[in-house]
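**Student:** Got a predicted structure here, sequence first:
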Amino acid sequence: MTAVLELDEYQSYDQATLVLNLETNLVAGVDFLVLVDGKAVSSSGTDSRQELVSMGASRFTHRSQITELVIRGAYPPGTHNVSIELLPSKIDPNPELTVVSASLDGAAIAGVAANVYGTTAYTFDFGGDPPPVAGADTIVAGGPDQIILFVAEDAYQGNAEFTVSVDGTQVGGTYTATAIHSLGQSQEFILDENFAAGSTHQISVDFLNDLYGGSATEDRNLYVTQAEDNGTVIAGSSLTLLGDGSQSFDVTEPGKLTYVGVNEGMGPNAPQVGAGVYGTNWTYPTDAELLYEKSQGMNIIRLGFLDDRVAANASGALSAADLALLDPVVAYATSIGLKVILDDHEYGYWFGTELGTGTAASDTADSEYDKFWANLASNFADNPNVLFGLMNEPNVQTAAQWAGVAQGAIDSIRATGASQEILVSGTNWDGAASWYSTSSDGSSNAVALLGITDPDHNMAFEVHDYPDPSGGGTTAATNTTTGVDRLQAVTQWAITNHETLFLGETGGGTGTTSLEAIDNELKYITANSDVWQGVTEQLPVYSGAHPAYRHRHHRV
């Protein structure tokens, strides 16, 4: 037979179970004390004396049952000591007890079996394990701004409890810390809010149940070891709460990008006019891919296409066959909350002719290109979630020549009544680093594009910036700051001239340097979101991809 005697929790939180298997043949029973690390444990909460009676034992057979003594508590790493002290009585001045075995969370503790006689204490040591850190609640769900509180405690006769307030208003209920501060543990409490860019808010933590037993080891405390705002440590967020009451820190919300997403680049594959089989040589994204991108927090895609495929011919009329492929993709993407940039991915050409160069052929191509954009804008005029990306990376034209082409397309789009945003790229491969570089005629994007006007005032300038040495995204980055360095001049240009920018392409591999370089770019444009509207990250052009979103913290 086995009886179970449960003692009060050694440190008052149910995180580990120490079991002593004890036996006595004395029918009258035996009184004893159990101490763990010098602290007496009790079954009554007030009396630490235990009594073990040999249920069913007989003066003739001396057969007895084993009794399990269950002691619940926390046993951090290191050596712990158990001491059993037998208490003599008038009836039996020399009591006896057998320690049969012991275990911690079901794992046997070796070398503890012993017969204990008289009044000499019997002791044994065992090694503890760190208590598991319980998962934390999401304090408020649904907001895009993630404040992470890293919380720990000194536990004494129970865990520390607290509430959280934002700007004086409590959010959520009462929360319980379980991570042990002395072990360097912490647990994440996630506060999801919707803070306006540039706004400052006060985050307060109110400790509810302080308890002090007279010594440093008998003291319940609460700690916020640090807090993060969207992955960035908040200055002054470390709090030490040694008594009941509230402590606070302020967080100023940084800038926010309006759009964050990826490029969908399969539409431009098989670039020859009319070449390729849909689904084999080229394709548009599937519904499943779009849903996945939306599920990862993206709100925009840059959808590449070839104008000499979407157009039925060089006159600028649209191809019904290709629209039958393109229209459903745009309709589905926008129906699930994604914006779609229609990205003409032809590098400054129209049906093989260089636009804007002033020859008779290019003049004809310019006119046909304008008609094409008028027709395409008319086709999507009723969908406000479509943006028009005039041309990907023109490079054969001078900046002045390209400015003229872009102005003609803008005028043609607006003449149809379409009012959606237009993205205007620069020449010289649209590189951020070459924004001030001069073309053969002495013009530069920084000067020539300032002359472009939009009657609807709904236009942004698209630039590209890969952080690898060549700036073309063909290799891994070798420096974590190169991408940011290349963005600074065009950013200052936009600030000075009150223009809006969009980072149409960046990207790299999964190496540490590449990831840090891209993260630095995204942080930089977010910090300058007064001029940077958003980003669409490029899918990899070599093995390895950087995810547009990386969720560092779990919600539980």
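**Tutor:** Good, I have the coordinates.
**Student:** switch to C-alpha atoms for all contacts and neighbour counts from now on
**Tutor:** OK.
**Student:** Could you list the low-confidence segments of this structure?
**Tutor:** Residues of the chain meeting the criterion pLDDT under 70: 1-15, 25-28, 42-65, 74, 76-77, 129-137, 141-142, 270-275, 539-556.
**Student:** What are the boundaries of the helices in it?
**Tutor:** Assigned by DSSP state H, the helices in the chain fall at 287-295, 307-310, 320-335, 360-379, 399-415, 445-448, 482-497, 512-527.
**Student:** Mind putting the ones you listed into CSV with distance to Asp344 and mean neighbour count?
**Tutor:** Formatted as CSV, these follow (distance: least, Cα to Cα, whole Å; neighbours: other Cα atoms under 10 Å):
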stretch, distance to Asp344, mean neighbour count
helix 287-295, 20, 15
helix 307-310, 6, 24
helix 320-335, 13, 16
helix 360-379, 10, 20
helix 399-415, 12, 21
helix 445-448, 19, 20
helix 482-497, 23, 18
helix 512-527, 24, 21
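**Student:** Which one of those lies nearest to Tyr122?
**Tutor:** helix 512-527 (55.8 Å; Cα to Cα).
**Student:** quick one: Tyr212 and Thr225, what's the gap?
**Tutor:** Remark: distance between Tyr212 and Thr225 (Cα to Cα, to the nearest Å) = 21 Å.
**Student:** Settle it for me: which of those two has more neighbours?
**Tutor:** Higher neighbour count among Tyr212 and Thr225: Thr225, with 19 against 15, using other Cα atoms under 10 Å.
**Student:** Hmm, Glu153 and the more buried one touching each other?
**Tutor:** No: between Thr225 and Glu153 there is no contact under Cα atoms under 8 Å: 9.9 Å.
**Student:** circling back: will you turn the helices of the chain into a markdown table that also has distance to Ile84?
**Tutor:** Output for the helices of the chain, formatted as a markdown table (distance: least, Cα to Cα, whole Å):
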| stretch | distance to Ile84 |
| --- | --- |
| helix 287-295 | 59 |
| helix 307-310 | 86 |
| helix 320-335 | 71 |
| helix 360-379 | 86 |
| helix 399-415 | 89 |
| helix 445-448 | 84 |
| helix 482-497 | 67 |
| helix 512-527 | 55 |
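**Student:** Identify whichever of these lies nearest to Thr120.
**Tutor:** Short answer: helix 512-527, nearest of these by Cα to Cα, at 61.5 Å.
**Student:** Outside of the closest one itself, which residues are in contact with it?
**Tutor:** 254-257, 467-468, 476-484, 506-509, 532, 534, 546 (Cα atoms under 8 Å, 6 or more residues apart in numbering).
**Student:** buried sites along stretch 229-238?
**Tutor:** 229-230, 234, 237-238 (16 or more other Cα atoms under 10 Å).
**Student:** So for it, first residue to last residue, what's the gap.
**Tutor:** 13 Å.
**Student:** got a list of contacts for that stretch?
**Tutor:** 145-148, 223-228, 248-251, 253, 552.
**Student:** Swap in 7 Å and give it another go.
**Tutor:** Contacts with stretch 229-238, where a contact means Cα atoms under 7 Å, 6 or more residues apart in numbering, come from 145-148, 224-228, 249, 251.
**Student:** Now for the residues you listed: which two are most distant?
**Tutor:** Pairwise over the contacts of stretch 229-238, using Cα to Cα, the maximum falls at Asp145 and Thr225, 19.9 Å.
**Student:** Most neighbours among the contacts of stretch 229-238, which one?
**Tutor:** Going by other Cα under 10 Å, Ala227 tops these with 26 neighbours.
**Student:** How about that residue, nearest residue that isn't a chain neighbour?
**Tutor:** Once flanking residues are discounted, Ala227 sits nearest to Leu149: 4.6 Å by Cα to Cα, 6 or more residues apart in numbering.
**Student:** Surely that neighbour is in contact with Ile190?
**Tutor:** Yes: counting by Cα atoms under 7 Å, Ile190 is a contact partner of Leu149 at 6.4 Å.
**Student:** returning to that earlier point: wait, which of the buried residues of stretch 229-238 is closest to Ala374?
**Tutor:** Distances from Ala374 to the buried residues of stretch 229-238, taken by Cα to Cα, are shortest for Asn230, at 41.5 Å.
**Student:** can you tell me how far the closest one sits from Asn395?
**Tutor:** According to Cα to Cα, Asn230 stands 38 Å off from Asn395.
**Student:** same check, this time on Asn479
**Tutor:** If you go by Cα to Cα, the gap between Asn479 and Asn395 works out to 26 Å.
**Student:** Comparing those two, which shows the higher neighbour count?
**Tutor:** Asn395 (19 against 14).
**Student:** Angles on the backbone of that one, please.
**Tutor:** phi -150, psi -10 (degrees, to the nearest 10).
**Student:** any idea how far it is from Trp532?
**Tutor:** Counting by Cα to Cα - Asn395 and Trp532 are separated by 23 Å.
**Student:** Next: Ile518.
**Tutor:** On the measure of Cα to Cα, Ile518 and Trp532 end up 15 Å apart.
**Student:** again, but for Thr119
**Tutor:** 79 Å.
**Student:** So these two - more neighbours on which side?
**Tutor:** Trp532 (27 against 16).
**Student:** That one contacts Glu499, doesn't it?
**Tutor:** No: here Trp532 does not reach Glu499: they are 9.0 Å apart, not a contact under Cα under 7 Å.
**Student:** thinking again about what came up before, how many residues are close by the residue nearest to Ala227?
**Tutor:** For Leu149, using other Cα under 10 Å, the count is 24.
**Student:** For it, name its beta-bridge partners.
**Tutor:** Judged by DSSP bridges, the bridge partners of Leu149 are Phe189, Ala227.
**Student:** One more: Tyr122?
**Tutor:** Going by DSSP bridges, Tyr122 forms beta bridges with Ile84.
**Student:** list the contacts for it?
**Tutor:** Contacts of Tyr122 by Cα under 7 Å, 6+ apart are 83-85, 116.
**Student:** want to try JSON lines for the residues you listed, with distance to Ser434 and neighbour count as columns?
**Tutor:** JSON lines is the format used below for those (distance: Cα to Cα, whole Å; neighbours: other Cα atoms under 10 Å):
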{"residue": "Ser83", "distance to Ser434": "77", "neighbour count": "18"}
{"residue": "Ile84", "distance to Ser434": "80", "neighbour count": "20"}
{"residue": "Glu85", "distance to Ser434": "83", "neighbour count": "20"}
{"residue": "Val116", "distance to Ser434": "86", "neighbour count": "19"}
